[in-house]
Structures are given as C-alpha cells and as structure tokens.
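Peer 1: Pasted the sequence and its predicted model underneath.
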Amino acid sequence: MRNRFAKILATLGPASRAPDTMRLLHDVGVDAFRLNFSHGSHEDHAASVKAIRAIQAETGNPICIVADMQGPKLRCGTFEDGSIELRYGQTIEIREGRENGKDGLVVMPHPELMNAMVEGTILKFDDGKLQVTVLSNDGKTAKARVDVPGQLSERKGINVINAVLPMSAMTDKDRVDMAFALTQDVDYIALSFVQTSEDVREAREIIGDKAGIIVKIEKPSAVEDLDSILISADAAMVARGDLGVELPLEEVPVVQRKIIRKCRALGKPVIVATHMLESMIDAPTPTRAEASDVATAIYQGADAVMLSAETAVGRHPATAVAIMDRIISAAEKDPIFWEYFQSVQLPYDATAEDAISGAVQGIATKLNAKAVLGYTLTGSTVQRISRERPPCRIVGLTPNMRTASRLALSWGVLPVVTEDPADFDDMMGRVSGLAKEKLGLESGDTVMISAGVPFGRPGTTNTLNISKVD
C-alpha cells in the first residue's frame, strides 16, 4: 500500500522496458505506465503490456496502462542545404509542396496549414525557438515576418498559434496504433492534438467502451473549448510541453490550475505532465524548482503526476520515481494540503451517488474514519468519492479487473478485485478482513462502506454504512 494519495504515471522506453526494471519501478512507486506510441514498435509495446500484467498478477496490485497516441506532427520540409538562416525582420515566403526550400523560402507538406494561415497567424518552429508572423496569404504563397531569428533545420516541428486547423486529432498512424492498443486491453487511450470536443467524439466512435479517453490539453483552442472537451472525455492530461510553446509561458501555470479544478469538479482524473523532474534525465537528483513544481501540482489537487524522459531514457529511472514519491508524500503531510480541499465548493447532482460521496468528507473528518470502501462495477461511485479528497483511504472493490486497473489512476484509490457480496451481512463480514489485510487497520477502527443494494447492478449506489473493524 502506498503512503500517499496522488498517483505516479511513468513512461516506458529503452531505459525502463526490461521486465525487471518495470517491476522495480512499480515497487518504488509507479501506479500506472505510459506507452508512448511516438516511439517503439507494436512488438515493443505488446511486450511491455505483457510484462506489466505479469507484475499485476504477481503482486495482486491492479496497474493502469495508458497508450499515448502520437497525433498529427506538423513539420517544415527539406532545404537545399539542409537548413536556412532566418534573420530578424526578414520577410520570407511559405508555400505548400514537396520541393526543397531555400534562403527566404520555407516549403511545408501540409495543405491544411496553408489554408488556415491568415494575417496575424504566428508560426513557431523547433519547439518555439524561432517565430514568424504571417503578413498575407493568397492561398498559394504566404509572406511572413521573422520575429525570433535563428537557424531552421529541415523537418523541424511547427506550432500554429491562434488558429484552429481543419484537421483531425487522429492520423492514419494513430488509427492503426489505436486499434492495436485496444487489442492489448490497455486502460486508457491518450489523445493528442485535441482542438475541440468533436475530436473526442471521433475517437469515441472507434474506442467505444473498450478503454477510457484521456484528452491531452496542449493547444489554446482546447483551452477555449475546455468545458465541452472534458465532459466528452474520461480524464485529462495537462501537456505542458506544447502548451508552453503555444501559450505565453506565464499563462501555463494559470491554465494548469484551471484544468485541475475543472477535472476535479467533474470527478475525472487529471494528470500533470512534462518537465517535472527533467534534470534527472542525467542528474541523480532534481533541482529544487522541479521539486517545488511537483509539490505545486499535488497542492492543486492533481490525481497523478507523470515522468516522461526521466524514466523512458533517463539514467536514473527508479531514483526519479522514488524522489517523486517522497515529494508527493511530503506535500500530503502538510495540514494546509487538506484545508484547501475542504474550502473548495464542488457541484453536486441530485443523485444518491453524489449525496453519499458528498457525505464521506465530513464523516471521515468528524469520526476520524480510517477508510471508505466502495463496491463498484464501473468505478463511477468510487471516482465521485475520490473527487471529494477525503482524509482517509479509499478502497475500490470490484469484480472487474478492467475497472480496477482504470481506478489505479484515480487519486487516493486502492483498487481491489473481489467478488460482489451475496447480501448485506456477507458484505459486513468481508469488510473487516479487507480492512486489516489491505490497509493494515486494527479492530475498533472506524470505516465507511458504500454500496448499491441489491448488489451487482451498475448505477445503484444507495447505501453508506459506518462500521467498526472487528
């Protein structure tokens, strides 16, 4: 059992793909693994899934698997000499095509980008290192002014600012990767390049209920359509890499907090990602600023924080996980951490489920309850309890392994696979054993039990019982 509530999502790669390394990462703190489909083959990812599920079977701990789609990648074309120099104040031409560019000319193989550019559109190249502003576009050739100069090499990435591109969030590669990931029974599909809620609905038609959808919020257009996007999705990721390129840097922390608050209000898991402990790709310890950044995400209420290159290609993957675990635990031991959650007003639906989950916070505080154990088929009630951020352990009891592994990403939830009780007396008889075995509780400790009677029917949560461990 973890001594913390927020979860750790770690990216697999060459530094961590060996089964023994995965097991070590899980043992030191990883609750969920990310498969990055921008890299690696299907064979690599299949082997990773197999190894993760073996760890899950061996330890008895459900583990969440996230398949992260690459999404569209806008890149400039090639150049006659491999690169060109963009000079400050220079006016350059931009065309759509496949021929080589040259001094003063950038050619891009993206007709949809050509159609979207208007006067004032800003293009950033190479992760924001260079920038131009479009002056005009007649549909064949656009002219742009260089605002941030430098050397532009061929096939560098392009970020388009203040424009919604007429293109899907899913490429042909994504559709193939998504179909493969679903055959591997992953728990979540992470969708890149989301611009509007229509992108989520398009993905849902393919995914159905085979996996949850995580929307990666990395574009300003997604921030503008945030409410409808989050309602359509199952979880969200604050993808601060591209978000920090396409938004002014000073706005990224504000947007991060906004996304976390909205996700919590909806009862949907939210992950803060990118540049969390980046110096640990090489160094054995993070910077103090990075430690503070992780703690800030925890104070704001994130369900999970993510390690990217730190565990995928870094020199100290297990150490990075262990240090992140320590930072989270330290933040959660701060009394102010809990005061913040109690001060935030959440919206409630007129349902028994919300009435029960809303009562958990107050009961846990007043009675010093040690845990709330929720029986669930789909995980929805347990996630509603999780959004309350009660100061006690949350145990998600489900007969469905898919539900259990998905719940492994939710704040504070310890998922346990167990059969539904036969009746109320059977339920009460099981709780004490589970509380002692899974949580280390003692006789006399106060616990709460949430369930739906009759058992085994989804959406019937109607009971909250306060009990003592026998």
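Peer 2: Received the coordinates, thanks.

Peer 1: Give the helix, strand or coil label for the closest residue to A330 other than its chain neighbours.
Peer 2: Leaving aside its chain neighbours, A330 sits nearest to A295 (7.2 Å; criterion: C-beta to C-beta, 6 or more residues apart in numbering). Yep, even glycine has a C-beta here, placed from its N, CA and C like the rest. With DSSP: H, G, I helix; E, B strand; the rest coil as the basis, the three-state label of A295 is helix.

Peer 1: Can you list the buried residues in stretch 48-58?
Peer 2: S48, V49, A51, I52, R53, I55, Q56 (16 or more other C-beta atoms under 10 Å).

Peer 1: thinking again about what came up before, next up, the contacts around the residue nearest to A330.
Peer 2: Contact partners of A295, counting by C-beta atoms under 8 Å, 6 or more residues apart in numbering, are I327, I328, A330, A331.

Peer 1: do that again at 10 Å, thanks
Peer 2: A295 is in contact with V305, I327, I328, A330, A331, E332, D334, F337, counting by C-beta atoms under 10 Å, 6 or more residues apart in numbering.

Peer 1: Identify the residues contacting the first one.
Peer 2: So the one you mean is V305. Applying C-beta under 10 Å, 6+ apart to V305 gives the contacts 6-9, 238, 271-273, 276-277, 293-295, 297-298, 324, 327-328.

Peer 1: switch the cut-off to 8 Å
Peer 2: Going by C-beta under 8 Å, 6+ apart, V305 touches 6-9, 271-273, 276, 294, 297-298, 324, 328.

Peer 1: Please identify which pair of those residues lies farthest apart.
Peer 2: A273 and I328 (14.8 Å; C-beta to C-beta).

Peer 1: tell me which residues in the helix or strand R261 falls within are buried?
Peer 2: Assigned by DSSP states H and E, R261 belongs to helix 252-266. The neighbour-count check on helix 252-266 (16+ other C-beta under 10 Å) flags V252, V255, Q256, R257, K258, I259, I260, K262, C263, R264, L266 as buried.

Peer 1: Against which helices or strands is whichever helix or strand comes after that helix packed?
Peer 2: Next along the chain after helix 252-266, taking DSSP H and E as the criterion, comes strand 270-273. Here strand 270-273 touches strand 235-239, helix 240-246, helix 252-266, strand 304-307, going by 3 or more C-beta pairs under 8 Å, 6 or more residues apart in numbering; DSSP states H and E.

Peer 1: Name the nearest of the contacts of A295 relative to P421.
Peer 2: Comparing the contacts of A295 against P421 with C-beta to C-beta places E332 closest, at 31.4 Å.

Peer 1: burial count for the closest one?
Peer 2: E332: 18 surrounding residues under other C-beta atoms under 10 Å.

Peer 1: likewise L135?
Peer 2: Neighbours of L135 using other C-beta under 10 Å come to 14.

Peer 1: which SSE is it in?
Peer 2: Counting by DSSP H and E, L135 is found in strand 130-137.

Peer 1: do the same with E437
Peer 2: Per DSSP H and E: helix 424-439 holds E437.

Peer 1: Mind checking the pLDDT average for the very next helix or strand once past that helix?
Peer 2: Where DSSP H and E defines the elements, the next helix or strand beyond helix 424-439 is strand 446-452. The average of the pLDDT scores along strand 446-452 is 92.

Peer 1: what's the offset of strand 446-452 from the middle of its chain?
Peer 2: Centroid separation for strand 446-452 versus its chain: 29 Å, with C-alpha atoms, centre = their mean, to the nearest Å.

Peer 1: and it, what other elements does it pack with?
Peer 2: Strand 446-452 packs on helix 352-367, strand 371-375, helix 380-387, helix 424-439, strand 461-468, going by 3+ C-beta pairs under 8 Å, 6+ apart.

Peer 1: For the third one, give the mean pLDDT please.
Peer 2: Going back to what we said before, that points to helix 380-387. Mean predicted lDDT for helix 380-387 stands at 95.

Peer 1: and for that helix, what are the contacting residues?
Peer 2: Contacts of helix 380-387 (C-beta under 8 Å, 6+ apart): 264-269, 303, 346, 353-354, 356-357, 360, 372, 374, 376, 394, 396, 407, 410-413, 450, 452, 458-459, 461.

Peer 1: how about 7 Å then?
Peer 2: With contact meaning C-beta atoms under 7 Å, 6 or more residues apart in numbering, helix 380-387 is reached by 264, 267, 346, 353-354, 357, 360, 372, 374, 376, 394, 396, 407, 410-413, 450, 461.

Peer 1: any idea how far T403 is from F79?
Peer 2: 52 Å (C-beta to C-beta, to the nearest Å).

Peer 1: Apologies, that question was intended for E99.
Peer 2: Relative to F79, and taking C-beta to C-beta, E99 is found at 10 Å.

Peer 1: higher neighbour count, those two?
Peer 2: F79 (19 against 11).

Peer 1: Look through the chain and tell me its longest helix.
Peer 2: Taking DSSP state H as the assignment, the helix of the chain that covers the most residues is helix 42-59.

Peer 1: Could you name the helices and strands sitting against the following helix or strand past that helix?
Peer 2: Note on helix 42-59: by DSSP H and E, the next helix or strand toward the C-terminus is strand 64-68. In terms of contacts (3 or more C-beta pairs under 7 Å, 6 or more residues apart in numbering; DSSP states H and E), strand 64-68 is packed against strand 32-36, strand 188-191.

Peer 1: partners of strand 64-68, with directions?
Peer 2: Strands that pair with strand 64-68, judged by DSSP bridges, come out as strand 32-36 (parallel), strand 188-191 (parallel).

Peer 1: which residues of the stretch 301-450 of the chain score low on pLDDT?
Peer 2: For the stretch 301-450 of the chain, no stretch has pLDDT under 70.

Peer 1: make it 90
Peer 2: 335, 339-345, 351-353, 361-362, 365, 419-433, 438 (pLDDT under 90).

Peer 1: Tell me the secondary structure of the residue nearest to K438 when sequence neighbours are not counted, please.
Peer 2: Distances taken as C-beta to C-beta, 6+ apart place V416 nearest to K438, at 6.0 Å, with adjacent residues excluded. Under the three-state scheme (three-state DSSP), V416 adopts strand.

Peer 1: beta partners for V416?
Peer 2: Bridge pairing for V416 - DSSP bridges - gives L397.

Peer 1: circling back to that earlier point, can you say which of the helices and strands packed on strand 64-68 is packed in most?
Peer 2: Per-stretch averages of neighbours, counted by mean count of other C-beta atoms under 10 Å, single out strand 188-191 among the helices and strands packed on strand 64-68, with a mean of 27.

Peer 1: Identify the residue nearest A47 in space, chain neighbours excluded?
Peer 2: Excluding its sequence neighbours, the residue lying closest to A47 (C-beta to C-beta, 6+ apart) is R17, at 7.5 Å.
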